[in-house]
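Novice: based on what follows, work out the 3D shape:
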Amino acid sequence: MALKRIYENWQQLRAASGTPGSRQRREWRAYLEKRPLIAYWGDSWFSTPLYRNLCWNSFSRIDGMSIRLGGPGLTAAQMLTPAACRDNAERFASRGFDLLCLSIGGNDCLGERLAAVFTGAPRMDADAAFERVVAHGVFERLRARYDLLLSAMAGVDGLRVVGHGYAPLSRHAIGKQGALTVSNLGLAALVMGTVGPWLWPVMQPVLGSKAEAERFAWRLLVDGFRDQVLAPSRAAHPRLFSYADFSGIGSIDDRAFWYDEIHPTEDGFSLLATGYNAMLRAALPATKRAAVG
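Specialist: Below you'll find the model as predicted:
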């Protein structure tokens with residue numbers, strides 16, 4: 001089976017890489033001498049179909065091979081199960097993966113999970129709302145899932161894991177449903193239903209204004225996720241895990257950046273991919289860094 005850039009499933013990847021000692025495996029390893037093998041595992045920022053999301057914009061600039069795992073709307077608890085972490089660690093080890101790109105955790109902080117935190121809650125400001133999320137254990141549970149994953153991946157020789165934070169949400173996008181146009185969403189607009197919102201319907205009765213919702217979103221998805229999930233995960237696994245911090249991207253005042261409440265447009269994802277790929281390049285062996293644009 002001829003080698004290709006993107007594998008749609010493990011069956012394709014196994015067929016292309018062959019068995020240990022086979023001619024296919026020798027060709028596989030030779031191809032990867034100066035090129036990375038990457039898994040992108042995540043929710044809609046990586047896996048929205050037909051849409052130039054972060055995964056698409058990242059890998060389109062890389063000379064290598066990849067597989068995409070996960071799916072839109074999935075939570076950390078759904079993706080990072082003990083069995084999935086163990087099985088994927090074995091797959092990564094046997095085929096010589098260099099990078100696991102991670103985009104997991106946003107869905108755990110939004111929608112029905114967020115609604116469960118604020119059921120029956122009185123009016124409060126953004127700071128009090130954030131403390132309620134912390135007290136509810138949202139970040140603690142996410143951090144435990146990340147630790148489960150990273151502990152499994154620590155045994156994969158040569159593998160590095162690179163996650164990312166979130167761009168600051170804008171009051172101009174909060175409460176916004178995605179406009180299903182090809183210019184905004186690519187060809188996915190032709191097959192998707194309405195998109196969002198996931199934060200404003202829950203938080204409007206609690207916070208009262210989009211200005212306060214913007215401040216809460218920053219504390220939740222930017223500072224909170226970074227400081228209580230990503231940073232402690234890096235501290236616990238410093239040789240294995242790193243992450244891109246998108247807090248300074250300038251997305252609050254850029255109306256063209258957001259497709260809907262929490263998803264950038266294709267151009268927005270293209271901007272994020274520049275910083276993300278810089279982190280991927282730094283995580284790779286020196287012999288493979290030139291393959292990442």
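Novice: going forward, measure contacts and count neighbours with C-alpha atoms only.
Specialist: Will do.
Novice: quickly find the element holding Trp28.
Specialist: Taking DSSP states H and E as the criterion, the element that holds Trp28 is helix 23-31.
Novice: for that helix, packing partners?
Specialist: Counting by 3 or more Cα pairs under 8 Å, 6 or more residues apart in numbering; DSSP states H and E, the packing neighbours recorded for helix 23-31 are helix 10-17.
Novice: show me what the mean pLDDT comes to for the helix it packs on.
Specialist: Helix 10-17 carries an average pLDDT of 96.
Novice: quick one: it to helix 23-31, angle?
Specialist: Counting by axes from the mean of the first three to the mean of the last three Cα atoms, to 10 degrees, helix 10-17 points 90 degrees away from the direction of helix 23-31.
Novice: and helix 10-17, what's buried?
Specialist: Across helix 10-17, burial judged by 16 or more other Cα atoms under 10 Å covers Leu13, Arg14, Ala16, Ser17.
Novice: tell me how far stretch 259-279 is from the chain's mean position?
Specialist: Taking the mean of its C-alpha atoms, stretch 259-279 sits 11 Å from the chain's own mean (Cα atoms, centre = their mean, to the nearest Å).
Novice: now do that stretch: everything it contacts.
Specialist: Stretch 259-279 has contacts (Cα atoms under 8 Å, 6 or more residues apart in numbering) with 45, 51-54, 57-58, 162, 164, 169-170, 173-179, 184-186, 195-199, 242-244, 246, 249, 256-258, 292-293.
Novice: immediately after the lowest-mean-pLDDT helix or strand in the chain, which helix or strand?
Specialist: Lowest by mean pLDDT, DSSP states H and E among the helices and strands of the chain is helix 182-185, with a mean of 53. Using DSSP H and E, the helix or strand that follows helix 182-185 in sequence is helix 200-207.
Novice: still on that earlier bit, Throw together a PyMOL command that grabs the buried residues out of the contacts of stretch 259-279.
Specialist: Only the buried entries of the contacts of stretch 259-279 go into this PyMOL selection, using 16+ other Cα under 10 Å:
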select buried, resi 45+51+52+53+54+57+58+162+164+169+170+173+174+175+176+177+178+184+185+186+195+196+197+198+199+242+243+244+246+257+258+292+293
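Novice: and the strands in the stretch 101-250 of the chain, which stretches?
Specialist: 160-164, 241-244 (DSSP state E, counting those that start in this stretch).
Novice: which stretch among the ones you listed comes nearest Arg5?
Specialist: strand 160-164 (19.7 Å; Cα to Cα).
Novice: what separates the nearest residue to Asp125 once chain neighbours are set aside from Gly120, distance-wise?
Specialist: In space, and not counting its chain neighbours, Asp125 is closest to Leu207: 5.8 Å by Cα to Cα, 6 or more residues apart in numbering. Separation of Leu207 from Gly120 (Cα to Cα, to the nearest Å): 13 Å.
Novice: and these two? Which one has more around it.
Specialist: Counted by other Cα atoms under 10 Å, Leu207 and Gly120 do not tie: Leu207 has more neighbours, with 22 against 9.
Novice: name the element Asn277 belongs to?
Specialist: Per DSSP H and E: helix 266-283 holds Asn277.
Novice: show me what Ser103 bridges to in the sheet.
Specialist: Beta-bridge partners recorded for Ser103 (DSSP bridges): Gly42.
Novice: can you list the weak-confidence ranges in the stretch 51-200 of the chain?
Specialist: For the stretch 51-200 of the chain, the stretches with pLDDT under 70 are 178-195.
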